[in-house]
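Visitor: please find the sequence and the predicted model below.
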Amino acid sequence: MKRKSKKNNFTIKKVNINDELWILKLYNFYVRKKIFNSLNKVKLTEHRKWYAKAMQDFFLKLSYGDNNCGYIRIEKSNSIKESFEISIAIKNQYIGKGFGKKLLKTAISKFYKKKTNRKNKLIALVKKNNIISLNFFLKNNFKEIKIKNQYNSKLKKLRICQFNYET
């Protein structure tokens, strides 16, 4: 009998309604607390409204065995024309083990399989002091870009990384 390699014991698939609570928990811990240094958690009722809409976007989860490890979401940018923003979160115990890279590469590949998406840019908005996230994107074929006429106050606090799509 063949044993599965631990590295290959993962799955990437579209999120569903059953993923709602662990995604909220990861978001409140990873995004709100770690990135934004906020103690204000997103409430379940607020999250449920957001999640119902978010499931319509390009939204994938990564599991390792029976454990949910992280998610990636790609949605149309409200800040930069002809762009889609990537949001990715990986649980702490899976960071630095290649799971984020695998999830990102799979998501980008699936996103660009759709011909209509190829004319759009994929971007990641990273807080200026979040060097770990910035380096993650730079190591994965993104480059930091500057936006002219940066009127949006949200963008002034962020670094913008754009994916280098090669046809």
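Guide: Everything's here; your move.
Visitor: so which residues of the chain form strands?
Guide: 10-14, 58-64, 67-76, 83-90, 121-127, 142-145, 158-163 (DSSP state E).
Visitor: need those strands in TSV with distance to Phe99, mean neighbour count and mean pLDDT, can you?
Guide: Just so you know, the C-beta spots here come from the backbone N, C-alpha and C atoms, and that holds for glycine as well. Output for the strands of the chain, formatted as TSV (distance: least, CB to CB, whole Å; neighbours: other CB atoms under 10 Å; pLDDT from 0 to 100):
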stretch	distance to Phe99	mean neighbour count	mean pLDDT
strand 10-14	7	14	92
strand 58-64	6	19	94
strand 67-76	5	20	94
strand 83-90	6	19	92
strand 121-127	17	20	90
strand 142-145	18	14	93
strand 158-163	19	20	87
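Visitor: count the neighbours of Asn18 for me.
Guide: Number of residues near Asn18 (other CB atoms under 10 Å) recorded here: 8.
Visitor: rounded mean pLDDT for the longest helix along the chain, please.
Guide: In the chain, with assignment by DSSP state H, the single longest helix is helix 99-113. Averaging pLDDT along helix 99-113 yields 94.
Visitor: mind listing what's buried along it?
Guide: Of all the residues in helix 99-113, those buried under the rule 16 or more other CB atoms under 10 Å are Phe99, Gly100, Lys102, Leu103, Leu104, Thr106, Ala107, Ile108, Lys110, Phe111, Tyr112.
Visitor: and it, what other elements does it pack with?
Guide: Helices and strands touching helix 99-113, as assessed by 3 or more CB pairs under 8 Å, 6 or more residues apart in numbering; DSSP states H and E, comprise strand 10-14, strand 58-64, strand 67-76, strand 83-90, helix 131-139.
Visitor: on that earlier part again, now, which of the buried residues of helix 99-113 sits nearest Arg73?
Guide: Ala107 (8.7 Å; CB to CB).
Visitor: for Phe84, see how far away that closest one is.
Guide: According to CB to CB, to the nearest Å, Ala107 and Phe84 sit 11 Å apart.
Visitor: any residues in contact with both of these two?
Guide: Residues within reach of Ala107 and of Phe84 at once, by CB atoms under 8 Å, 6 or more residues apart in numbering, are Phe58, Ile74.
Visitor: would you turn the strands of the chain into CSV with distance to Ser133?
Guide: Listed next are those as CSV, based on distance: least, CB to CB, whole Å:
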stretch, distance to Ser133
strand 10-14, 20
strand 58-64, 17
strand 67-76, 13
strand 83-90, 8
strand 121-127, 5
strand 142-145, 11
strand 158-163, 9
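Visitor: fine by me, we can end here.
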